[in-house]
Structure formats: C-alpha cells, structure tokens
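Novice: Need coordinates for the following:
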Amino acid sequence: MTERWETIEAVDAARAAMEARLGWEQPAAWGLLTPDGAVVRANVRGGYLPGVAVAMVVGHRSGSRSYPLTAEAIAAAIAMVEPAEACTDIPHPNIAVLRLLSGGDAVVAYVSEAGFVEDVEGIGHVEEVEDRYVAALLAEIRRGFPTSRSSTRS
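Specialist: Residues are numbered from 1 along each chain as shown. The predicted structure is shown next:
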C-alpha cells in the first residue's frame with residue numbers, strides 16, 4: 001500500500017472521487033452477505049467508501065440489486081480502500097468484513113432510496129422483493145441487525 005489517506009477529509013475526497021468516476025448513486029442501504037443469504041454486515045446511509053469500491057468492481061451504479069463476489073472481486077475492492085486504514089480517527093468495519101469474506105464467495109446487495117423508503121413505510125413487502133439478497137438485507141435491517149448508520153466512511 002503506497003497511498004495513504006490519513007485524514008477524514010482525505011478519505012471523504014477519495015470516496016467522492018470514486019463515486020464521480022463511477023457515476024454512483026449512493027444507496028439508502030447496502031450490505032455484505034454469504035451466498036446462502038446470511039447478512040454479515042448491513043449499512044444504512046453509511047459505509048459508502050467500501051460500498052462504492054465494491055460497486056466499481058461489479059459495475060453497480062444505482063437501484064436495488066445484488067451481485068455475487070468472488071475472492072478476486074473482494075481482493076480488488078480491498079485494494080481500493082486499504083489506504084483509508086491510515087486514518088485512525090474512524091473505524092473500518094466494512095474493510096474488516098471484506099477481509100473476513102475474502103477467502104470465499106460472498107454477495108453484495110444494494111437498496112435504492114425508493115426501495116428502502118417503500119420498505120420502511122410498509123408500502124412494499126420484503127416478500128415481494130424479487131432479489132432474494134436484497135430481501136434478506138431489508139429483513140435484517142427491519143429486525144434491527146447492527147448496522148452502520150449515517151457515516152459516509154468505511
């Protein structure tokens with residue numbers, strides 16, 4: 001790791017640059033799951049640096065959708081966000097979870113603002129969500145799964 005983002009401002013600038021490069025619309029929620037649908041990490045309106053790094057790897061720009069993650073894809077996302085670990089003013093739980101999942105396959109799920117609002121307001125029903133990983137993430141958030149909230153960082 002040659003690049004180091006030692007300040008919160010540097011981490012935020014790196015995230016913003018990734019988002020702009022991809023043309024990414026921040027999701028209301030995103031999470032990392034096992035292939036069987038178990039939620040390992042849920043983020044509500046936060047954790048966007050690793051979220052956009054994974055999005056860059058899978059090509060996700062907006063909407064509600066899940067993507068399979070291979071060990072190679074996870075390694076690529078980790079490499080993109082490792083410089084953020086030089087900033088000790090903030091925790092990096094999503095990077096830790098990516099490392100935890102790096103030995104095998106995993107899934108990333110993104111939930112758009114519209115999909116999240118519909119779920120929270122009871123307009124839609126988790127059972128009606130076609131993507132089973134998005135549905136699993138929404139169900140865990142609804143149950144109060146420990147999440148990262150209101151932080152744009154890692």
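
Novice: residue ranges of the strands in this protein, please?
Specialist: 29-33, 39-46, 65-69, 106-111, 147-151 (DSSP state E).

Novice: Can you name every helix or strand that the longest one contacts?
Specialist: The contact analysis (3 or more C-beta pairs under 8 Å, 6 or more residues apart in numbering; DSSP states H and E) places strand 39-46 against strand 29-33, helix 93-101, helix 132-143, strand 147-151. (Each C-beta comes from the backbone N, C-alpha and C, glycine too.)

Novice: closest to Asp12 out of those?
Specialist: Between Asp12 and those, the tightest spacing by C-beta to C-beta is seen for strand 147-151, at 10.5 Å.

Novice: that older thread, any chance of the helices and strands packed on strand 39-46 in a markdown table, plus mean neighbour count, distance to Gly23 and mean pLDDT?
Specialist: Compiled in a markdown table, the helices and strands packed on strand 39-46 are given as follows (neighbours: other C-beta atoms under 10 Å; distance: least, C-beta to C-beta, whole Å; pLDDT from 0 to 100):
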| stretch | mean neighbour count | distance to Gly23 | mean pLDDT |
| --- | --- | --- | --- |
| strand 29-33 | 28 | 16 | 97 |
| helix 93-101 | 19 | 21 | 96 |
| helix 132-143 | 21 | 21 | 92 |
| strand 147-151 | 16 | 22 | 51 |
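
Novice: how about these in CSV, adding distance to Pro83?
Specialist: Below are the helices and strands packed on strand 39-46 laid out as CSV (distance: least, C-beta to C-beta, whole Å):
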stretch, distance to Pro83
strand 29-33, 20
helix 93-101, 11
helix 132-143, 27
strand 147-151, 18
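
Novice: With Cys87 as the reference, name the closest of those.
Specialist: Going by C-beta to C-beta, the one of the helices and strands packed on strand 39-46 nearest Cys87 is helix 93-101, 11.2 Å.

Novice: got a list of contacts for the closest one?
Specialist: Helix 93-101 has contacts (C-beta atoms under 8 Å, 6 or more residues apart in numbering) with 32, 34, 40-41, 43, 47, 49-51, 54, 69, 74, 77-78, 81-82, 84-85, 148, 154.
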